[in-house]
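In: Below are the sequence and a predicted model for it; my questions follow.
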Amino acid sequence: MGSKAGWLPVALLLAAMALSSVLPPPSVAAAGESGEADHAVQQHSERISGSAGDVLEDNPVGKLKVYIYDLPRKYNKKMVTKDPRCLNHMFAAEIFMHRFLLSSAVRTLKPKEADWFYTPVYTTCDLTPAGLPLPFKSPRVMRSAIQYISNKWPFWNRTDGADHFFVVPHDFGSCFHYQEEKAIERSILPLLRRATLVQTFGQENHVCLKEGSIIIPPFAPPQKMQTHLIPPETPRSIFVYFRGLFYDTGNDPEGGYYARGARASLWENFKNNPLFDISTDHPATYYEDMQRAVFCLCPLGWAPWSPRLVEAVVFGCIPVIIADDIVLPFADAIPWEEIGVFVEEKDVPKLDTILTSMPIEDILRKQRLLANPSMKQAMLFPQPAQPRDAFHQILNGLARKLPHSEGVYLQPGEKHLNWTAGPVGDLKPW
């Protein structure tokens, strides 16, 4: 669908009016609700009682205790030493969650008083030269770690893992593959059937999403984003913004499988539309450009999620979510319907009409909600951790699952897991 000249004044009007606060300075984010700078943020923000505000500000300390298994370094720290790229890619939440928990107030050194058991295994840190996790290695690493804890400690065997949680930030969670068809074929690693999975992947009625999983944002580097902040009063002169692939010719030469065709449709319909600043280029001003945009496109790729969602929220750019049936991070606490725009994949050709017909009042309200510091903080894994950040939202999610029901504890002779189930390749030793 091409551009229509009559829409350009509408876009310019919106761009002139749509100003949004961005991530507050570090002193504001760390200090909490005090000081003149924080007051200025509040003046341009809005919160929804009981959702983006109250729930996000819950303090999990005192509500749960976590025991961390002491695994050999080959399962975690040695991997990072071997390939430090793991610290910067979008799967890095598994590493920083481990580091956070080691010094967290919820940690207990007494396993008998623990509510939850955590196994610090880095399943996405064995990388290809291109920096992608090796899909055949991930399930083997996980199986090996579970075998280790089940042999050394008694706690796994008393519940078959029902009081254990694992961070699995792979494209399709513990299905451990970046291509959906192969992830579905593999399905969730059988040994994790009773555990709680903390994962970036979320899609309704999908074999790779286990009931009770906690959906988290992907890792995006907070310190790097901080260095690219621009003055919050900067006009948003870009109407629609996107940088990324439209086709993956290497893995999908025919062009119909990658992103279920949604990204290809974006390019073919809007590459010449002046309202759409879309390209495969990734400029040095990428973060600054997002802060100048009214809408930031967040289409699915191989998986339905990407760091663009985090970047859009942090930079106050209204996320346009194009991924049918997606389950978004911390959906029980963040009002995604209020702050984002959801467009079905089949409606991508009508995206220009959908966005240009939105009332200005709706756009401005979404921006005020996005300016809520708690909303931004919940999407980040900062170093060091800060109140209300993604680490604390994960703990809140675990605390809300307590107390465990009596059914998690196995009766004598009762077993739920089949240690020999799964693809033959996954059963090979690691």
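Out: Everything's here; your move. Residues are numbered from 1 along each chain as shown.
In: contacts and neighbour counts: CA atoms only from here.
Out: Noted.
In: For the stretch 301-430 of the chain, which segments count as helices?
Out: Using DSSP state H, counting those that start in this stretch, the helices found in the stretch 301-430 of the chain span residues 308-314, 336-339, 351-356, 360-370, 373-377, 390-399.
In: same check, this time on the stretch 51-200 of the chain
Out: For the stretch 51-200 of the chain, helices defined by DSSP H, counting those that start in this stretch occupy the ranges 77-82, 93-102, 138-152, 155-159, 180-186.
In: Now mean pLDDT too, for those helices, in TSV please.
Out: Listed next are the helices of the stretch 51-200 of the chain as TSV, based on pLDDT from 0 to 100:
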stretch	mean pLDDT
helix 77-82	96
helix 93-102	98
helix 138-152	97
helix 155-159	97
helix 180-186	93
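In: Mind checking these for the one nearest to Leu402?
Out: Closest of these to Leu402 is helix 155-159, at 15.1 Å (criterion: C-alpha to C-alpha).
In: Show me the contact partners of the closest one.
Out: Applying C-alpha atoms under 8 Å, 6 or more residues apart in numbering, the contact partners of helix 155-159 are 149-150, 161-164, 408-410.
In: Name the nearest residue to Gly202, sequence neighbours excluded.
Out: Val327 (4.5 Å; C-alpha to C-alpha, 6 or more residues apart in numbering).
In: just to revisit the earlier point, for Thr123, find the nearest of the helices of the stretch 301-430 of the chain.
Out: Among those, helix 390-399 sits nearest to Thr123 (C-alpha to C-alpha), with 18.7 Å.
In: Tell me how far the closest one lies from the chain's centre.
Out: 13 Å (C-alpha atoms, centre = their mean, to the nearest Å).
In: Name the residues of the helix or strand where Val294 lies that come out as buried.
Out: Secondary structure assigned from DSSP states H and E places Val294 in strand 293-299. Buried residues in strand 293-299, defined by neighbour count with 16 or more other C-alpha atoms under 10 Å: 293-299.
In: mind listing the strands in the stretch 201-350 of the chain by residue range?
Out: In the stretch 201-350 of the chain, the strands defined using DSSP state E, counting those that start in this stretch lie at 214-215, 238-243, 276-279, 293-299, 318-322, 341-342.
In: which of these sits most buried?
Out: strand 293-299 (a mean of 27; mean count of other C-alpha atoms under 10 Å).
In: Show me what stretch 76-90 is in contact with.
Out: By C-alpha under 8 Å, 6+ apart, stretch 76-90 touches 73, 92, 95, 120-122, 124-127, 131, 218-221, 306-307.
In: How about exporting stretch 62-69 as PDB, limited to the C-alpha atoms?
Out: The C-alpha trace of stretch 62-69 is given here as PDB (Å, rounded to 0.1, in the frame of the first residue of the first chain):
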ATOM      1  CA  GLY A  62      10.700 -11.500  52.800                       C
ATOM      2  CA  LYS A  63       8.200 -13.300  50.600                       C
ATOM      3  CA  LEU A  64      10.400 -16.100  49.400                       C
ATOM      4  CA  LYS A  65      13.800 -17.800  49.900                       C
ATOM      5  CA  VAL A  66      15.900 -19.200  47.000                       C
ATOM      6  CA  TYR A  67      18.600 -21.800  47.300                       C
ATOM      7  CA  ILE A  68      21.300 -21.700  44.500                       C
ATOM      8  CA  TYR A  69      22.900 -24.900  43.500                       C
END
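In: buried set for it?
Out: 64-69.
In: contact partners of that stretch?
Out: Residues from elsewhere that reach stretch 62-69 (C-alpha under 8 Å, 6+ apart): 101-102, 106-111, 113-120, 149, 395, 398-399.
In: what's near enough to touch Arg186?
Out: Counted by C-alpha under 8 Å, 6+ apart, Arg186 has contacts 175-176, 422-423.
In: most surrounded residue in these?
Out: Phe176 (29 neighbours; other C-alpha atoms under 10 Å).
In: residues touching that one, list them.
Out: Counted by C-alpha under 8 Å, 6+ apart, Phe176 has contacts 135-136, 138-139, 170, 183, 186, 188.
In: Ser357: how many residues sit nearby?
Out: 11.
In: same deal with the one 4 residues further on?
Out: The number of residues packed around Glu361, counting by other C-alpha under 10 Å, is 10.
In: State the distance from it to Ile321.
Out: Glu361 sits 20 Å away from Ile321, going by C-alpha to C-alpha, to the nearest Å.
In: Likewise for Asp171?
Out: Taken as C-alpha to C-alpha, the span from Asp171 to Ile321 is 17 Å.
In: In contact with the residue nearest to Gly202, which residues?
Out: Listed by C-alpha under 8 Å, 6+ apart, the contact partners of Val327 are 201-204, 215.
In: among the residues you listed, who's most crowded?
Out: Phe201 (29 neighbours).
In: who are the neighbours in contact with the residue lying closest to Glu338 once chain neighbours are set aside?
Out: Counting by C-alpha to C-alpha, 6+ apart, Glu338 lies nearest to Lys366, which is 6.4 Å off, once chain neighbours are set aside. Lys366 makes contact with 318, 338-340, according to C-alpha under 8 Å, 6+ apart.
In: ok, now how distant is Tyr148 from Pro423?
Out: 20 Å.
In: what about this structure, any weak spots by pLDDT?
Out: Counting by pLDDT under 70, the chain shows low-confidence ranges at 1-45, 47-54.
In: In terms of secondary structure, what does the strand holding Val294 contact?
Out: helix 8-17, strand 238-243, helix 308-314, strand 318-322 (3 or more C-alpha pairs under 8 Å, 6 or more residues apart in numbering; DSSP states H and E).
In: residues making contact with that strand?
Out: 14-15, 18, 236-242, 259, 262-263, 290, 305-306, 308-309, 312, 317-323.
In: mind listing what that strand pairs with, with the direction of each?
Out: Applying DSSP bridges to the sheet, strand 293-299 is found paired with strand 238-243 (parallel), strand 318-322 (parallel).
In: Return the distance of it from the chain's centre.
Out: Distance, stretch centre to chain centre, for strand 293-299: 16 Å (C-alpha atoms, centre = their mean).
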